[in-house]
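Student: Give me a 3D structure for the following:
(one chain, ligands or ions: 1)
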Amino acid sequence: MSTEHGEALTTTERLVLREVRSSDLPVLERMWRDAVMRRYLGGPVSDEEVAERRKYDQAGGLMVATHSGEVVGRCHLGRYRTGDLELSYAFLPEWWGRGYAREACAAAIGLAFDRFPHAARLIAVTQEANTRSVRLLEALGMARVDAFEEFGARQVMHAIDRPHSIDGEAR
Ligand SMILES: CC(C)(COP(=O)(O)OP(=O)(O)OC[C@H]1O[C@@H](n2cnc3c(N)ncnc32)[C@H](O)[C@@H]1OP(=O)(O)O)[C@@H](O)C(=O)NCCC(=O)NCCS
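Tutor: Numbers count the residues shown, from 1 in each chain. Purely as a prediction, here's the structure:
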């Protein structure tokens, strides 16, 4: 689907999810350095790591923007070490509290199941102390399936199964 802002992978009522472009680099760099956004993600990324990411870390994400083109955050679809599809997400703090993450992540989950037809479920891992993130996962219908210590903190894994169509077949 083409919009005035380029190729949209999917759209929602308020948002557009599209591939990352090189012009997103300034906002991505802000996301990597922002102490509030990185609070439960190991803190701001070092200058050396930012330099590396500027070279390589542009391709894997889904930029989330309003229909007028303002970037509000980013979702990322990857593979967790269990082999499960993994969703991660980071939104700019000035856009928190409007349900944008819920709207975008729900769309990203739909996209993931469409793109990867053999994936039985999708997971997300977050720090238990990251209450906004845990609330988001619950709101998305993702159930807690595991908890463990990693990176010096309690991590919780949530999962959602592939939705089934009305005739009982996996979508
Ligand atoms: C995790 C994170 C995305 C959650 O953001 P968020 O803004 O709290 O989440 P949402 O966009 O879903 O907004 C939900 C809130 O908006 C409210 N809201 C307002 N309008 C809404 C609407 N139209 N629809 C739904 N919810 C709405 C909800 O009631 C909820 O409020 P609450 O926070 O008081 O419970 C955000 O804190 C973040 O980016 N953190 C940094 C990155 C990070 O830690 N990622 C996790 C590791 S993967």
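
Student: Please count neighbours and contacts with C-alpha atoms only from this point.
Tutor: Fine.

Student: Now for residue 126, how many residues are close by?
Tutor: When neighbours are defined as other Cα atoms under 10 Å, residue 126 has 20 of them.

Student: ugh, wrong one, I meant residue 62
Tutor: Counted with other Cα under 10 Å, residues neighbouring residue 62 total 24.

Student: Ramachandran coordinates for it?
Tutor: Main-chain dihedrals, residue 62, degrees, to the nearest 10: phi -120, psi 110.

Student: Show me the beta-bridge partners of it.
Tutor: residue 19, residue 75 (DSSP bridges).

Student: so what's it up against?
Tutor: By Cα atoms under 8 Å, 6 or more residues apart in numbering, residue 62 lies in contact with 17, 18, 19, 20, 74, 75, 76, 77.

Student: next structured bit after the helix or strand of the chain with the lowest mean pLDDT?
Tutor: None of the helices or strands of the chain scores lower by mean pLDDT, DSSP states H and E than strand 2-3, at a mean of 46. With elements assigned by DSSP states H and E, the helix or strand that comes after strand 2-3 is strand 6-11.

Student: Which strands border that next one, and is each parallel or antiparallel?
Tutor: By DSSP bridges, strand 6-11 pairs with strand 2-3 (antiparallel), strand 15-19 (antiparallel).

Student: distance between it and the chain's centre?
Tutor: 16 Å (Cα atoms, centre = their mean, to the nearest Å).

Student: Tell me if the lengthiest helix in the chain is near the ligand.
Tutor: Longest helix in the chain by number of residues, with DSSP state H as the criterion: helix 100-115. Yes: using Cα under 6 Å from any ligand atom, helix 100-115 reaches the ligand at 100, 101, 102.

Student: ok, now stretch 16-34?
Tutor: No: judged by Cα under 6 Å from any ligand atom, stretch 16-34 and the ligand are separated, with a smallest distance of 8.7 Å.
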